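Peer 1: Any chance you could fold what I've pasted below:
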Amino acid sequence: MGKLLKWLIYLVILGGLGLVAYAYLGPLFGVDFSPPQEEIRMPVDLDDI
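Peer 2: Alright, predicted model coming up:
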């Protein structure tokens, strides 16, 4: 049981490192993480307050 837990911890750490590496190296490979930008206009009625 101890070996299984140890390997699970190693796998979680390796997955975290892989995710961080993907976040830093992704733009070098053409991955765009920025959200789509669009202007949103909503009318506000201040008389109802």
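Peer 1: Next, find the distance separating residue 26 from residue 32.
Peer 2: Distance, residue 26 to residue 32, by CB to CB, to the nearest Å: 8 Å. To be clear about C-beta, it is placed using only N, CA and C from the backbone, and glycine gets the same treatment.
Peer 1: Any stretches of the protein with poor pLDDT?
Peer 2: 48-49 (pLDDT under 70).
Peer 1: what do you get if the cut-off is 90, keeping everything else the same?
Peer 2: By pLDDT under 90, the low-scoring segments of the chain are 1-2, 26-27, 29-35, 44-49.
Peer 1: quick revisit: name the residue in residue 26 and residue 32 with the higher neighbour count.
Peer 2: Neighbours were counted for residue 26 and for residue 32 using other CB atoms under 10 Å; residue 26 has more, 12 against 8.
Peer 1: Quick check: phi and psi at that one.
Peer 2: Note on residue 26: its backbone torsions stand at phi -60, psi -50 [degrees, to the nearest 10].
Peer 1: Name the nearest residue to it, ignoring sequence neighbours.
Peer 2: residue 33 (6.4 Å; CB to CB, 6 or more residues apart in numbering).
Peer 1: Quick one: classify that neighbour as helix, strand or coil.
Peer 2: With DSSP: H, G, I helix; E, B strand; the rest coil as the basis, the three-state label of residue 33 is coil.
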